[in-house]
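1. Take this sequence and fold it.
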Amino acid sequence: MKWLIDEISALLEQLKQWQTWLGIGLVSAFAGLAYLLATYAFRTDAVLVFLRQAGNSCRELSNGTIIAMFCGMIFFGFTAVLTLGEFQRFVEYRQRAAHREASQSLLWGIIWGAVAVGIAVGALVFFKQYCR
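-> I've put the predicted structure just below:
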C-alpha cells in the first residue's frame, strides 16, 4: 500500500512543474481542434445525411475532396505527435543543460506546432465556407 502513496505523491510533485501543464495544454489544444474538425466532418457524412442524423447544412463532398480531407487529418495527427515529441525532447535537453539541442528542439516544436495548427485552421476554413 505504501507504493500507491508514493506514486500519488510523485504525481502531485509532477503537477507542480510548468512542463507538465504545458504538455497538458498542448494535448488539450490538439484534441479541441480535432473535435471541431470531427463535428464538421460528421455534418458532411453521406450516410448520416441519408439517415437524417446530420443536418443538410453542408453540400456533398466529391471523392477528391474526401481523400484530401482524410490525408489532411492524417498529417494533422502526425504533426501533432511530432510537436509533442519535440516538446519532450526540449524538456529532456533542458534538464541535461544541453542548450543548443534544447533550442533546436524548441524551434522544431514551434515549426511542427504551427504546421499542425495551420492544417487544422485550413480545414476549419474549408468547412466553414463549404457548409452553410
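
2. Please count neighbours and contacts with C-alpha atoms only from this point.
-> Fine.

3. May I have the phi/psi pair for Leu15?
-> Note on Leu15: its backbone torsions stand at phi -70, psi -10 [degrees, to the nearest 10].

4. Make sure it is actually in contact with Leu22.
-> No: under the criterion of C-alpha atoms under 8 Å, Leu15 makes no contact with Leu22, lying 10.6 Å away.

5. buried sites along the helix or strand harbouring Gly32?
-> Here Gly32, judged by DSSP states H and E, is contained in helix 18-43. Across helix 18-43, burial judged by 16 or more other C-alpha atoms under 10 Å covers Leu26, Phe30, Leu33, Leu37, Tyr40, Ala41, Phe42, Arg43.

6. Would you mind measuring from the last one to Gly118?
-> In other words, Arg43. 22 Å (C-alpha to C-alpha, to the nearest Å).

7. Which residue ranges of this structure form helices?
-> Here the chain has its helices, by DSSP state H, at 2-14, 18-43, 46-50, 63-95, 99-130.

8. just checking, what packs against the last one?
-> Yep, that's helix 99-130 we're talking about. helix 18-43, helix 63-95 (3 or more C-alpha pairs under 8 Å, 6 or more residues apart in numbering; DSSP states H and E).

9. Using JSON lines, please lay out those together with distance to Gly122 and mean pLDDT.
-> JSON lines is the format used below for the helices and strands packed on helix 99-130 (distance: least, C-alpha to C-alpha, whole Å; pLDDT from 0 to 100):
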{"stretch": "helix 18-43", "distance to Gly122": "10", "mean pLDDT": "88"}
{"stretch": "helix 63-95", "distance to Gly122": "9", "mean pLDDT": "91"}
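
10. Take these and lay them out in TSV including distance to Ile5.
-> Putting the helices and strands packed on helix 99-130 into TSV (distance: least, C-alpha to C-alpha, whole Å) gives the following:
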stretch	distance to Ile5
helix 18-43	20
helix 63-95	26
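
11. Looking at those helices, spot the one closest to Leu106.
-> With distances scored as C-alpha to C-alpha, the stretch of these nearest to Leu106 is helix 63-95 (5.8 Å).
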